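Pasting the sequence and the predicted coordinates here, then a few questions.
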Amino acid sequence: MPKGNDRKQLLNQFKEQYGVRKFDLNIQAMGQKFKKNMGSQMTQNIAERAFQAVEKVMYGNGKKVRFCPMGQFFSLEEKTNKTGFRYFPKDNRMEWIGLTLPVILKDNDEYARLALQDKIKYCRLIKKVIRGKNRYFVQFALEVFSQRNGINENERVGLDIGPSTLAIASEKEVKLVELVEGLSVDERKKRKLQRKLDRQHRANNPNKYNENGTINKSNREKWIQSENYKKTRNALAEVQRQIADKRKQSHNALANHILSLGLDVRVETMNFKGLQAKSKKTKISEKTGRFNRKKRFGKSLANRAPAMLLTIIDNKLKYFDLKLKKIDTVKVKRVSLNISTKPM
């Protein structure tokens, strides 16, 4: 059935019939087991996150709902700053159902001190593994009012985004930038550690692999992890954390620069999933006579994350009650062709 109100009504009918709605989750019964550590709002928030995974499968954006492995659940959050995990600005502390946690602010962090003067909507607890040790941070979702500060809402900014570069065109400037500049050094460190980790994994578990190097699925023995393997895995996790932090910081700075040029931001629609997938056609090179590689832009998209940049820009535009305008180039081409072929 094509998209439209009829399909939407039919889906809502099936959801109600089979009890697959957000509020059909019986979170009260499950929350009783953890009531000493989590309040009702935090439990409800976790249930909503689980339902979002179900919705992705329902609407074809996901293939399977998976349980979060032990030790991989890194964040918890409330819905308000009134109950459960909440912040008290007077004495700079967090309280969480009987547990008191001091909040450490750096003396020279003026940005954090100015930001905390705004109203706090809710708090989020985040765990990060830094240099092999667990570190805990609190994130504040602030209620702020948008200020354009002289930025013209009608000034257009055109973006042409690729797997690793971005072209910016506006009245003020036109330039081509590399996404997450300087990331190649960290990428080389990551590749070396990944190869080392694979060699150690194979050396520790020779019976788990076939002669051609593939995994032997019939072998049900437990995987062996040596101490050197664990050290390499921790080193790889640290490099990946540094890459993720550098990528997010770079994208935020670039998004702020783009919005300083204008708030009417436009970009052509891109199918990043299609660029990430391998080519289905098998071709032979005319020069070498060998098969051409089927790999496309999967590694570059994973490291540079162009879709993440567009999401950050769109989220920042929402502060001004605006959104990122995506231009479908195929439809625009059809319209222009229709205009050009119209008889005089």
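Yes, it's here.

just checking, Arg124 touches Met94?
No. Arg124 lies out of contact with Met94 (Cβ atoms under 8 Å); the separation is 11.1 Å. In this view, the C-beta of every residue, glycine as well, is placed from N, C-alpha and C.

intersection of neighbour lists for those two?
Val138 (Cβ atoms under 8 Å, 6 or more residues apart in numbering).

Geometric centre of the protein: which residue is closest?
Met308 (6.3 Å; Cα atoms, centre = their mean).

Quick check: that one touching Asn252?
No. With contact defined as Cβ under 8 Å, Met308 does not reach Asn252; the gap is 10.2 Å.

Look up how far Ile224 lies from the residue nearest to the centre of the chain.
According to Cβ to Cβ, to the nearest Å, Met308 stands 36 Å off from Ile224.

swap in Arg124?
Noted for Arg124: a distance of 37 Å to Ile224, by Cβ to Cβ.

what's the residue nearest to the centre of the chain in contact with, if anything?
Counting by Cβ under 8 Å, 6+ apart, Met308 has contacts 247-248, 251.

any chance of those in JSON lines, plus secondary structure, pLDDT and distance to Leu166?
Output for the contacts of Met308, formatted as JSON lines (DSSP: H, G, I helix; E, B strand; the rest coil; pLDDT from 0 to 100; distance: Cβ to Cβ, whole Å):
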{"residue": "Arg247", "secondary structure": "helix", "pLDDT": "93", "distance to Leu166": "14"}
{"residue": "Lys248", "secondary structure": "helix", "pLDDT": "93", "distance to Leu166": "16"}
{"residue": "His251", "secondary structure": "helix", "pLDDT": "94", "distance to Leu166": "10"}
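
Rebuild those as JSON lines, extending it with distance to Val57 and neighbour count.
Shown next, in JSON lines, are the contacts of Met308 (distance: Cβ to Cβ, whole Å; neighbours: other Cβ atoms under 10 Å):
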{"residue": "Arg247", "distance to Val57": "28", "neighbour count": "19"}
{"residue": "Lys248", "distance to Val57": "27", "neighbour count": "15"}
{"residue": "His251", "distance to Val57": "28", "neighbour count": "21"}
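
Can you tell me which of those comes closest to Asp24?
Taking Cβ to Cβ as the measure, Lys248 is the one of the contacts of Met308 closest to Asp24, at 35.0 Å.

Secondary structure class of the residue lying closest to that closest one once chain neighbours are set aside, three-state.
Closest residue to Lys248 apart from its sequence neighbours, by Cβ to Cβ, 6 or more residues apart in numbering: Met308 at 7.8 Å. Recorded secondary structure, Met308: helix (DSSP: H, G, I helix; E, B strand; the rest coil).
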